Structure formats: structure tokens, C-alpha cells
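In: everything below, folded, please.
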Amino acid sequence: MPAITIDTAQLTYPLVAVQGPGNEGGGVAFVDGSADPPPEVGLPAGTGYRLRLGDGTTAAVAFDVHEDGTLAFAPEYDAFLGGRGGRRLTVRGAPVVVDARSLDHPLAPDLPGAAPLSPDRTHALRLLPASGYRLRVEAGTADGELAFSVTLDGGVTPASESAGFASAVGGVLTVRGRTVTVDGRGLSHGLLPVGAGTFLPPDTVHRLTLLPAAGYVFLAGPGVAADFSYTVRPDGTVDYDASCDRFLSGRGTGTLVVGGFPVVLSAAGADSDILGLEGLPDPAPRPPRELAAVLVPAKGYQPRTAYGVCSGFRVGRDGTPAADPAGARSYRAGDEGPRAAAEGPPAGLTVRIARAVPGGPPPRGRVAFTADGRPLGTVLLDGVGLASLRTAAVPAGTREIVVAYEGDDAHRPCTTTLRLREGA
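Out: Modelled structure (predicted):
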């Protein structure tokens, strides 16, 4: 059987396998054609050999092996193959530029041995003509991809379903992604997108530009994984599981509003004050030895005292806090607070801020809801001055909710009190 040397040192991704004649998918395992010396592969005489670049990605160029072990290929492949009449196949790629600088996360070519492409610069690649190239989201558990092909003339063609967030001119592929807004201003802590952007403080809204994908996730703090994921759809709208409806809103829009549940930690029976939660900003203290915070459902919150960091607790999707099994003896659930509140029906709270002058601009800004001094959430006014909060975290027995409007350039700050109806 003739031995053919395969030299792919001029490709960006030099690992290739040979697909046998007739496209039956046989051949050899992946070899590194950039090695020195290049590898030799035994191939029987035949026509229509192709190089397989990855799962579902096979080069459009083909070559033949004669009975005497020499190579042949069609003249239209001369730009990509060399070695006609010899036993050494030299493989060259077309120049392709990937520009994904608009994204907040890397893209990983779905090819053996390929490293992620960072979004801080463009990337010049050398690729064989082929269909089925894929750039996958490299951001935590997010699962999504952009498919494209490279033609024999060196042009790039994105998959039709990427219209609106990717385009190509010649050999330049531009990936724009979809920009979504993340609003976590009702939380006592920021959010860290896993693999996609930087820390998002809770004092403002933030914009992330992402490739459409499912499974984007956040950290609520170092080592504290939020217990939800969300999807960015090809049209730029967001989606999430129905079990998250109590603390997430924005499904079907371009804005993901991340809420949480008020949790009160009391150290009345401990030997030290609570100084805060490990890795999270220190919330404003309430009575001595007590700490209140609005937390997103997550596992791994750790109270911090003068003597160190305590064992962790989690907040469920229904707002119920629970201690990690290893530290269960260090906690006791009270009759008030998130656990009792979560067992009742959700409360719908709505206020309207009037215009300062009839016919004037509508009020803008945030409205904060609190019950017995415990924060329930913060909501942005809509275009007509309405703010609505739906929460299952109103403490049991609460009959009054304090609403505070922060004001804007044309409207003064104000505070009012809502009285809950019986059964609310």
C-alpha cells in the first residue's frame, strides 16, 4: 500500500483525517500534518480522497492515488493542494478573517485542537474550502453555534439562520451577535456572567452582546452559581424556564430583569455579629446582629462574622432559604421571612407616578418596594409612569408596603405607603 506524506503546516488547524473513496467515511484517524517530519499515511490506490477536518466538516477538494503511489487532483484545486505526480500532499488554506469584536464572549471553532477566538481582536485563519464549519459559544454552559462555509473562491457564506447577527464580505466573517439588556437593580448584589463580559454592579442596567444560544448563566458572587439559565434567541429576545417566573421577567423581549427574594439573617443566638456575605457587597444593616438582603436563587451564600466565614446556605427558586447539609446545625429557619412568605400566594404591587406638569414628560427612574424595612425589589418605571412588582416574598402578616421613588430631572423623589388587601 503506497505511503502518502500529508503536510498541513499551512493550515490554521492542521489536524486532519482522510476520508476514503466513495465517501464511505473510512480511512485513518486524525493526524497532525504540521509535525516535522510530516506524517505518512498508507492509502490504497483510489479516487476521490478527501480530508476530513472535524465532525461534519469535510474539505471540498479531492485527490486521487495512482497504482504507483503518486498523487493527482483536478486543476481547480491547485490553490489548495500541491504535490501532483509525487507522494507528498501539501495542503494550503484560503485566508479567512473572523471579526467577533462585538461579542462579550469567545468563540470556539468546532475543530480538533482549536483554541477559542477571543473577542478582543480579529483572527486571521487559513481554512480549506468546506461546508459545516462551526463557531461555538465559549461561555460556561451556553450551547449555541454559528455555522458557515468557505467556497472554492475563498468566500465565506454564513448559514441562513444567522441572518441579522452575522454577515460576510469576501473572506471576512463578521459576527455581531445580539445585544440584550440585563437589569439586576432589584438585587443587593451584582451578577457575573460566566465567560461573557465583566462583573455587572446592581446600580445600573447593563448590555451584553451574545451569540444566540441556550444556557447562559451568572454567578451571584465568587463560587456562588445562580440557580437559573437563560436563552438568547436568534431574534434577540430572551427566554427562560417557567420555574423562574417568580424572580425573572422579560421573556420575549430584549431585556432580562433579574429579581430575587429578601432574606433576613439573624445572629441573635450566635456569638458574633454578621458582617456580611462572603464576596458580596455589604448590605445596609437593619437591627443589631441582623442582616437583610435581596438575593437571587443560588447555592453557596456564606455569612461572614468576626470569627470567619460560616457554612453556606442556598435560596431556592421559590424563595425558600435552606442550609447546606454540612452546616445545617448552624441555622434555624424562623417563622417569618422568605420561607413563610414563599408558602403564600404571590403579591402584585403596582404604583403610578404622576407627571409633575399635565402634558409634561413622563416620570423616569426607579421605584423601591420595602416591607417592614425589608427590601422586596426595585422596578424601573415604564413609559407611562407605572411600576409593577410581582413577588412571593412579602413577609407573613405584612399589611403595608412602603414605596420610594428616586425622582428624575423633572420629578422630585417621593415616598408613599400601599395597604395590602386581605388575602393578598
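In: against residue 136, how distant is residue 55?
Out: Distance, residue 55 to residue 136, by CB to CB, to the nearest Å: 12 Å. For the C-beta atoms, the positions are set from N, CA and C on the backbone; glycine is no exception.
In: more neighbours, these two?
Out: Legend: neighbour count by other CB atoms under 10 Å for residue 55 and residue 136, higher for residue 136 (19 against 11).
In: for that one, what are its contacts?
Out: 107-110, 144-145 (CB atoms under 8 Å, 6 or more residues apart in numbering).
In: just the buried subset of these, please.
Out: Buried subset of the contacts of residue 136 (neighbour count, 16 or more other CB atoms under 10 Å): 107-110, 144-145.
In: returning to what we had before: from the contacts of residue 136, which two are the most distant?
Out: The most widely separated members of those, counting by CB to CB, are 109 and 144 (14.1 Å).
In: quick one, phi/psi of residue 413?
Out: phi -60, psi 150 (degrees, to the nearest 10).
In: low-confidence ranges, this protein, go.
Out: Counting by pLDDT under 70, the chain shows low-confidence ranges at 22-28, 268-272, 282-289, 326-348, 390-397, 420-424.
In: pop the domain breakdown of it in here.
Out: Split into domains by automatic domain parsing, the chain comes to 3-92, 95-176, 178-333, 347-419.
In: helices of the chain, start to end?
Out: Ranges of helices within the chain are 338-342, based on DSSP state H.
In: residue 146 versus the residue most central in space within it, what's the distance?
Out: For the chain, the residue nearest the mean C-alpha position is residue 216 (2.9 Å; CA atoms, centre = their mean). For residue 216, the distance to residue 146 equals 16 Å [CB to CB].
In: which residues does the residue nearest to the centre of the chain bridge with?
Out: For residue 216, the beta-bridge partners are residue 230 (DSSP bridges).
In: could you do residue 15 as well?
Out: According to DSSP bridges, the partner residues bridging residue 15 are residue 32.
In: wait, residue 265 touches residue 290, no?
Out: Yes. Between residue 265 and residue 290 there is a contact under CB atoms under 8 Å: 6.9 Å.
In: wait, what's in contact with the residue of the chain positioned farthest from its centre?
Out: Outermost residue of the chain with respect to the C-alpha centroid, by CA atoms, centre = their mean, is residue 68; its distance is 54.3 Å. When contacts are counted by CB under 8 Å, 6+ apart, residue 68 touches residue 2.
In: let's number from 36 now, not from 1
Out: Right, with 36 as the first residue, what we last looked at is residue 103.
In: now do it against residue 84, distance only.
Out: Separation of residue 103 from residue 84 (CB to CB): 16 Å.
In: for residue 253, same thing?
Out: Note on residue 253: its distance to residue 84, by CB to CB, is 48 Å.
In: more crowded one of the two?
Out: Between residue 253 and residue 84, counted using other CB under 10 Å, residue 253 has the larger neighbour count: 25 against 21.
In: run through the residues that contact the residue lying closest to residue 262 once chain neighbours are set aside.
Out: The spatially closest residue to residue 262, leaving aside those adjacent along the chain, is residue 332, at 4.2 Å (CB to CB, 6 or more residues apart in numbering). By CB under 8 Å, 6+ apart, the residues touching residue 332 are 261-263, 279, 282, 295-296, 349-352, 354.
In: again, 7 Å this time
Out: 261-263, 282, 350-352 (CB atoms under 7 Å, 6 or more residues apart in numbering).
In: what's the answer for residue 286, then?
Out: 273-275.
In: do residue 195 as well
Out: Residue 195 neighbours (CB under 7 Å, 6+ apart): none.
In: ok, it to residue 144 distance?
Out: Distance of residue 195 to residue 144, given as CB to CB: 20 Å.
In: next one: residue 41
Out: Distance, residue 41 to residue 144, using CB to CB: 20 Å.
In: next one: residue 154
Out: 14 Å.
In: please apply the same query to residue 190.
Out: Residue 190 sits at a distance of 18 Å from residue 144 (criterion: CB to CB).
In: how about residue 161?
Out: From residue 161 over to residue 144 the distance is 12 Å, taken as CB to CB.
In: same thing with residue 436?
Out: For residue 436, the distance to residue 144 - CB to CB - is 52 Å.
In: likewise for residue 84?
Out: Distance from residue 84 to residue 144, by CB to CB: 23 Å.
In: just residue 452 next, same as before
Out: Remark: distance between residue 452 and residue 144 (CB to CB) = 58 Å.
In: next: residue 443.
Out: Per CB to CB, residue 443 is found 47 Å from residue 144.
In: OK, contacts around residue 212?
Out: Residues counted as contacts of residue 212 (CB under 7 Å, 6+ apart) are 137-138, 200, 244-246.
In: typo on my end, it should be residue 176
Out: Residue 176 touches 250, 252, 264, counting by CB under 7 Å, 6+ apart.
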